[in-house]
Structure formats: structure tokens, C-alpha cells
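Novice: I would like the atomic coordinates for the input below:
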Amino acid sequence: MIATPAAVDNPGLAALPFETYRQAPNAELNERIEAVKRELGDALLILGHHYQQDEVIRFADLRGDSLKLSQLAAESRACRAIVFCGVHFMAETADILSRDEVTVHLPDMGAGCSMADMADLDSVEAAWADLGELIDVEDLTPVTYINSTAELKAFCGRHGGIVCTSTNARKVLDWAFAKNSRALFFPDQHLGRNTARAMGIPLDRMHVWNPRLPLGGNSVEAIENSRVLLWRGHCSVHQMFKPAHVGQFRKQFPGIKVLVHPECMMEVVELADLVGSTEFIIKTVENAPAGSTWAVGTELHLVNRLAAENPDKTIHFLSPMVCMCATMSRIDLPHLAWCLDNLARGTPVNQVKVPDETARWARVALQRMLDLP
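Specialist: Numbering: from 1, shown residues only. Next comes the predicted model:
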């Protein structure tokens, strides 16, 4: 292997302190980032999630959703270091899918995901044990949304479960029901409910599991009658969209099309014209006829970018309130420049490394999803 600064550590050197970057002007930070990109070349891959702010995503070598970015990065033979401009669970997935010699770094380790934090391994294992007292868990498939920790992906791997994305959630639930009669879906109740309902599963056979309450807040009869148990979690961004917002936009702009993400609550999804993943939203707007008007229910940075990149259409954010992914926004120019400079000088910071056993079982659950036709 050709030694590059991205692949060689200098343990005798101390990492550059972040404070000097916090005060630096954007022009200087931009120059530093560009310089490291030139120096490291193909040995470096900067990944930018769609929800990232514009000043950061402009430096991304690849742009997409979390799984797509991790898969594309894993395909690179030249890459030796990944800097993921996203959140923690995304960096974990990149580490799980990448080659052993590739390191993954998150510019700010505080960039987490409130939804992912709503389901932790201890709570899920406790729920699994409680359910085992009432039903046959051999007939229960755990399904975790990609927006979850590596530990929960590994839990699914060990218990015959699987990972899903917002794009393939229905296909994944079809797989789950082909092998078992019930599914435990976490951490996002809305994606699970919207998907199951579209498959024809009635609401009275879907029950929310609140990990803070005995039996998840359910009766024994409800659990025994269930087909889908929905973890009490949600996306703080998509939770903000309300049915009243849809009504307001339809009243103000007759003929407007409403396009929302399936992490929105069921009452919003019911009123929308189209529902789909981030990639679906982007492609729908890009392919929409010139002059059309849209209200889009997803993260604000992405909606603003869609408006800027599609000036022939009128695109509104489906909420009167500012609603962005606050944790994603922690990845800013100072953190990106600091992370890259340290990587280039051999004093890497903020490496995200999933323990081998966790990675092994998480990869099993991910592979089950990737193997679906």
C-alpha cells in the first residue's frame, strides 16, 4: 500500500486543538479543506448526507442518504479514510461495510440522532424478554430502521432480524412476514405504521411499545393479537409536520402537490399526494413539470436545496416553523476543517470504530436486507 497521510498515524504528535478553528473565517476554512482534499486525493472520501448544510455538502465527494453513501464508499478501492458529514449511526454503518484498512471519522462526535437514541440495546433486550413471557419470540422478527445504532443492527442479526430503509421498508416487512407472523419494528413508529398500513394491516393489530411502561403500555390481549409492535420513537424533524399544515397550503395554493417522507405521522401521510424516501422526494421534484408547485415535508436544508436547484418550480417547506436536523447541523466548517487537517498530519481525531463482534452481527442483518430481490 502506498503510504499517505490519511493512512499513517504519528503518535508522537498531539492533535491540533479545535479552538483555533472555531474562530477562523470561512474563507480560511474553505482553503484548508480544499488543500487537504488535493493532498490526500483518492485516499480520502468525504460523504455528505442530504440533510447537511450547504457550506459543508459542497465539499462532499458523494452525496446521498446514509446507506447509499456507505455502500458507495465501500466500493472504493483507493479510499483509506472516510469523513462522514452526517450523524453517528451513519458513520457506524460506513465502518461496518468498509474494508478493515479504511478508517471512518465523524467531524463532531456530538452529531447524533434523536430517533436512534430512542431505542437502546438494554431497552430492546428488556422488551424482547418481556415479550418472551407472553408470545413465542421465535415467531417474532425484529426489524430495525437504518437510523439506529450498530448494537441494534447486531441485535437483529443475532435474532433472525433485518435492517430496513425508508425506501425498502415494505419489501423488508414482506420478508419478515414470510418467515414469522409478527414483527417488532424500531425505532421509528411512524415509518412502521405507515408501511404496515399500506400493506393492509389494520391499526387494531398494530400497537405501540413504550419502553418506560410495563408490557410497553399494552394489555396481554393486545400483544397476543398483534402483528406489528411499533417502538415508541420518532424523528424530531418529521414529527413537526401536522395535518393543519397540509390544509393551510392547499387553501393558499390551489393545485399544490404535497410530498412527504414516511417518517411523518400517519395523519399527514394520509393527506399527502405522494409519500417516499429522501431519494424519492429528490427525484420526484427533479422530474416534476416546470411551473408546478410543491409543499415538501422533510428536512429544511434539503427542501431549500431542492428549491435552489429547481428554479423552474415553486417549492415550499411544509411547515410555518423552521425545522432542521439540529444534530446534523453540528457538522460545520470548523469541525470539518479540523478533522481533515488532523487526518492529513497523521493525528486523526473522532474515529468511529464498531467492535468486531457487533460489526459481524450488524453486517448479517444488513446483508439480509441487501440480499432481497
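Novice: all contacts plus neighbour counts: C-alpha atoms, from now on.
Specialist: Will do.
Novice: A helix includes residue 82, no?
Specialist: No. Under DSSP: H, G, I helix; E, B strand; the rest coil, residue 82 sits outside any helix and is assigned strand.
Novice: so it bridges to which residues?
Specialist: Counting by DSSP bridges, residue 82 is bridged to residue 45, residue 104.
Novice: same question, residue 64
Specialist: residue 49.
Novice: what packs against the helix or strand that contains residue 295?
Specialist: Assigned by DSSP states H and E, residue 295 falls within strand 293-297. Counting contacts by 3 or more C-alpha pairs under 8 Å, 6 or more residues apart in numbering; DSSP states H and E, strand 293-297 packs against strand 257-260, strand 314-317.
Novice: continuing past the last one, what's the next helix or strand?
Specialist: Okay, so that is strand 314-317. Next along from strand 314-317, by DSSP H and E: helix 333-344.
Novice: Tell me the secondary structure at the spatially most central residue of the chain.
Specialist: By C-alpha atoms, centre = their mean, the mean C-alpha position of the chain lies nearest to residue 147, the distance being 4.3 Å. With three-state DSSP as the basis, residue 147 sits in coil.
Novice: So it sits against residue 118, correct?
Specialist: No. In this structure, residue 147 is not within contact of residue 118 by C-alpha atoms under 8 Å, at 10.5 Å.
Novice: How many residues are close by residue 181?
Specialist: Neighbours of residue 181 under the rule other C-alpha atoms under 10 Å: 14.
Novice: Check the residue nearest to the centre of the chain and give its pLDDT.
Specialist: In the predicted model, residue 147 carries a pLDDT score of 93.
Novice: Please apply the same query to residue 70.
Specialist: 79.
Novice: that older thread, what sits against the residue nearest to the centre of the chain?
Specialist: 89-90, 113, 115-116, 187 (C-alpha atoms under 8 Å, 6 or more residues apart in numbering).
Novice: Please report the separation between the first and final residues of stretch 174-192.
Specialist: One end of stretch 174-192 sits 12 Å from the other (C-alpha to C-alpha, to the nearest Å).
Novice: which parts of that stretch are buried?
Specialist: Neighbour-count burial for stretch 174-192 flags 175-177, 182-192 (criterion: 16 or more other C-alpha atoms under 10 Å).
Novice: quick revisit: mind checking how far the residue nearest to the centre of the chain is from residue 189?
Specialist: Residue 147 is 12 Å from residue 189, by C-alpha to C-alpha.
Novice: Let me see the backbone angles for residue 138.
Specialist: Residue 138 adopts backbone torsions of phi -70, psi -20, taken as degrees, to the nearest 10.
Novice: check contacts around it.
Specialist: For residue 138, the contacting residues are residue 180, by C-alpha under 8 Å, 6+ apart.
Novice: which helices and strands does the helix or strand encompassing residue 358 pack with?
Specialist: Using DSSP H and E, residue 358 maps to helix 356-370. Helix 356-370 sits against helix 88-97, helix 150-158, strand 162-164, with contacts defined as 3+ C-alpha pairs under 8 Å, 6+ apart.
Novice: can we see that at 10 Å?
Specialist: helix 88-97, strand 140-145, helix 150-158, strand 162-164, helix 169-179 (3 or more C-alpha pairs under 10 Å, 6 or more residues apart in numbering; DSSP states H and E).
Novice: mind listing what's buried in the third one?
Specialist: Buried residues in helix 150-158, defined by neighbour count with 16+ other C-alpha under 10 Å: 150-158.
Novice: before we move on, back to that, partner strands of the strand holding residue 295, parallel or antiparallel?
Specialist: When sheet partners are counted by DSSP bridges, strand 293-297 sits next to strand 257-260 (parallel), strand 314-317 (parallel).
Novice: hey, which of these is tucked in deepest?
Specialist: Mean neighbour count (mean count of other C-alpha atoms under 10 Å) peaks for strand 257-260 among those, with a mean of 24.
Novice: re earlier: between residue 147 and residue 118, which contacts overlap?
Specialist: 186-188, 235 (C-alpha atoms under 10 Å, 6 or more residues apart in numbering).
Novice: So which of these belong to helices?
Specialist: Per DSSP state H, helices hold no members of these.
Novice: Out of the helices and strands packed on helix 356-370, which is closest to residue 47?
Specialist: Using C-alpha to C-alpha as the measure, helix 88-97 is the one of the helices and strands packed on helix 356-370 that comes nearest residue 47, at 9.6 Å.
Novice: Which elements pack onto that closest one?
Specialist: Counting contacts by 3+ C-alpha pairs under 10 Å, 6+ apart, helix 88-97 packs against strand 44-49, helix 66-75, strand 81-85, strand 103-105, helix 114-117, helix 150-158, helix 356-370.
Novice: Turn those into JSON lines, including distance to residue 231.
Specialist: Output for these, formatted as JSON lines (distance: least, C-alpha to C-alpha, whole Å):
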{"stretch": "strand 44-49", "distance to residue 231": "25"}
{"stretch": "helix 66-75", "distance to residue 231": "21"}
{"stretch": "strand 81-85", "distance to residue 231": "27"}
{"stretch": "strand 103-105", "distance to residue 231": "29"}
{"stretch": "helix 114-117", "distance to residue 231": "11"}
{"stretch": "helix 150-158", "distance to residue 231": "13"}
{"stretch": "helix 356-370", "distance to residue 231": "18"}
